[in-house]
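> After the sequence you'll find the predicted model.
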Amino acid sequence: MIAEPMDSMIAGAIAGVFASSGGPGFGAALDQLTRLGAGFDMSCIFGFSPHMPPAVIHDGYSETTDRKALKSYLRGAYLLDPFYAASVSPVREGGMAREGLWRMRDLAPDAYFEGAFAWSQEVHPCISDQAGTLVEEIGFLIPLGSDVTATYSLMRNRGGSAFDEGETARLTALQPVITASLRQHWALMQHPAPAAVPAGPQSEKVFAAAFQSLTPAQQAVTKLILRGHSNLSIAGHIGITEGTVKLHRYNIYRRLGITGQAELFQRFIDFLGR
């Protein structure tokens, strides 16, 4: 029996992905396969670890994307990305990341889309293209081992439409191939030797450097504010009362000589740009 045209296209795309594993063409080949499930304007793959900066596995941003924004993202703005937080935060016994396909809005904190990071053209690479604000971002979380989780993000610009149920189902069906190929590609890539990986959570170091004048408790609250958590959400994460969070927030702003969250975010991106 002759294979259906789509089956042949998928088979060919899969062959292309595995043939390019370990090489510079892997990301483009993977995008070609993934587009058979759903179309998208931009893509990227980062390897996230709590102990080191992101590894750029694939840069599939358009040519119009501001490279300065990507640099700021890699210097530390990635710490505010819900996909990063989901990659490094254990959610069940054994410390496994949330493997699977996720919409940004399902991972984001309760006040994320009210915060500056979600709309910033200075530090959010996929916001800084000429098409403007994203319609939606959807991504695969794929544990790679050794405390590293890959995030394969697919993005649509304004003027497009959100990923529908049929597209999500087709992308989910491709997940086993995407997972296997990414793990093979990662194994073939060169990585820092274990001794070269800095000890301790990377996020604590970045926030401690950015907000040296704050106490450790205030730095912890600052991190959650910048990530897009409300006072109530921060209280639940840290295990304190909402009133205590409000007091921390007041003292943070007073100590930094600022008046609100927008200025706090600006302080952070100014630090990243130094």
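Happy to help now that I have it.
> What is the longest helix of the protein by residue count?
helix 165-188 (DSSP state H).
> Outside of the following helix or strand past that helix itself, list whatever touches it.
Moving toward the C-terminus from helix 165-188, the next helix or strand (DSSP states H and E) is helix 202-210. If you take CB atoms under 8 Å, 6 or more residues apart in numbering as the criterion, helix 202-210 is touched by 49-53, 76, 79, 88, 198, 216, 219, 222-223, 267-268, 271-272. Just so you know, the C-beta spots here come from the backbone N, C-alpha and C atoms, and that holds for glycine as well.
> Centre of the chain to stretch 171-184, how far?
18 Å (CA atoms, centre = their mean, to the nearest Å).
> Start the count at 12 instead of 1 going forward.
Okay, residue one is now 12; in that scheme the one you just asked about reads as stretch 182-195.
> Dump it to PDB, restricted to CA.
The C-alpha coordinates for stretch 182-195 follow below in PDB (Å, rounded to 0.1, in the frame of the first residue of the first chain):
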ATOM      1  CA  LEU A 182       2.200  18.600  18.500                       C
ATOM      2  CA  THR A 183       1.600  16.200  21.400                       C
ATOM      3  CA  ALA A 184       1.700  13.300  19.000                       C
ATOM      4  CA  LEU A 185       5.100  14.400  17.800                       C
ATOM      5  CA  GLN A 186       6.500  14.700  21.300                       C
ATOM      6  CA  PRO A 187       8.200  11.200  21.500                       C
ATOM      7  CA  VAL A 188      10.200  12.000  18.400                       C
ATOM      8  CA  ILE A 189      11.000  15.500  19.600                       C
ATOM      9  CA  THR A 190      12.100  14.200  23.000                       C
ATOM     10  CA  ALA A 191      14.300  11.400  21.600                       C
ATOM     11  CA  SER A 192      15.900  13.600  19.000                       C
ATOM     12  CA  LEU A 193      16.600  16.400  21.500                       C
ATOM     13  CA  ARG A 194      18.200  14.000  23.900                       C
ATOM     14  CA  GLN A 195      20.400  12.500  21.200                       C
END
